[in-house]
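*Asks:* Here is a sequence together with a model predicted from it:
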Amino acid sequence: AEIVIVPDAADAGALVADEIVRIVRANPETVLGLATGSTPLPVYEALRPRIAGVDVSRVRGFALDEYVGIDPAHPESYRSVITREVVEPLGLDPARIRVPNGSLEGIEHAGADYEAAIETAGGVDLQILGIGTDGHIGFNEPGSSFASLTRVKTLTAQTREDNARFFPSIDDVPMHCITQGLGTILRARHLVLLAFGEGKAAAVAGAVEGPLSASVPGSAIQLHPHATVVVDEAAASRLA
Ligand code: F6R
């Protein structure tokens, strides 16, 4: 992967937002791969002023993941987060932005449906990724197959702890998620993985320089011909 070390998250946001604006101008039907969590927020923030005046009416988006069994109207469902942080502020067409369906009803075919939708859209042009402290990308927890497609996974205790900050208590963090697989993510034409802070340093080093291993799902990016890793000094601190 190409490693870009930036002074802080705001610089990373500006860098990635500039690239997104560039590709949307070149192709108004760009398909964006959207991440949730804290990491991509500076990108969405930096996009607001930059995307104003750019035709985004035909831009499509696919979120990486969703909690299973959460009410889509819950403020911390990834459907709500994507609506609040991405669709509304950037003026995207909500009908063109998909989030995996985490409803229990129909969950058996939700993964295949999502794969089909991505394929019909022509695949993801630029996939934004964060990384979990346990090395996950999407919610592909350690042990995920590099060939995996969108499916239901169990969140690790570590991930539920990490995400407890978004919920009243850790007991309110869902146990399961539906996530694009590592195989799904690897099909995107450009991967942009962002990470900030000391807490991500080990995961970043494992993903970028460690052996290819299902124990560090982020290491799958080493298989991708066009992956860019944008990190601050702290997140880069364990790179050789
Ligand atoms: C979010 C996602 C996760 C997060 C990761 C890091 O859609 O797929 O892989 O990117 O858990 O989360 P933050 O950015 O909150 O540290």
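*Replies:* Yep, it's here.

*Asks:* For the chain, which residues are neighbours of the ligand?
*Replies:* With C-beta under 6 Å from any ligand atom as the criterion, the chain meets the ligand at residues 35-39, 64-65, 130-132, 136-139. C-beta: built from backbone N, CA, C; applies to glycine.

*Asks:* State the distance from the spatially most central residue of the chain to A207.
*Replies:* Centroid-nearest residue in the chain, with C-alpha atoms, centre = their mean: A35, separated by 2.7 Å. Noted for A35: a distance of 14 Å to A207, by C-beta to C-beta, to the nearest Å.

*Asks:* next one: T120
*Replies:* Distance of T120 to A207, given as C-beta to C-beta: 30 Å.

*Asks:* Compare these two and say which is more crowded by neighbours.
*Replies:* Each of T120 and A207 has its neighbours counted (other C-beta atoms under 10 Å); A207 has more, 27 against 9.

*Asks:* In this structure that one contacts S219, no?
*Replies:* Yes: using C-beta atoms under 8 Å, A207 is in contact with S219, at 5.2 Å.

*Asks:* Find the residues that touch each one of the two.
*Replies:* Shared contacts of A207 and S219 (C-beta atoms under 8 Å, 6 or more residues apart in numbering): G135.

*Asks:* one step back: can you turn the buried part of the residues of the chain next to the ligand into a PyMOL selection?
*Replies:* In PyMOL, this line selects whichever of the residues of the chain next to the ligand come out buried by 16 or more other C-beta atoms under 10 Å:
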select buried, resi 35+36+37+39+64+65+130+131+132+136+137+138+139
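
*Asks:* can you redo the residues of the chain next to the ligand as TSV with secondary structure, pLDDT and distance to R238?
*Replies:* Listed next are these as TSV, based on DSSP: H, G, I helix; E, B strand; the rest coil; pLDDT from 0 to 100; distance: C-beta to C-beta, whole Å:
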residue	secondary structure	pLDDT	distance to R238
A35	coil	98	22
T36	coil	98	25
G37	coil	96	21
S38	coil	97	20
T39	coil	98	17
L64	coil	98	24
D65	strand	98	26
G130	coil	98	17
I131	coil	98	13
G132	coil	96	16
H136	coil	97	17
I137	strand	98	17
G138	coil	98	22
F139	coil	97	23
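
*Asks:* Pipe the residues of the chain next to the ligand into a markdown table and attach distance to V54 per row.
*Replies:* Conversion of the residues of the chain next to the ligand to a markdown table gives the following (distance: C-beta to C-beta, whole Å):
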| residue | distance to V54 |
| --- | --- |
| A35 | 21 |
| T36 | 23 |
| G37 | 25 |
| S38 | 25 |
| T39 | 23 |
| L64 | 23 |
| D65 | 27 |
| G130 | 24 |
| I131 | 28 |
| G132 | 32 |
| H136 | 32 |
| I137 | 28 |
| G138 | 27 |
| F139 | 31 |
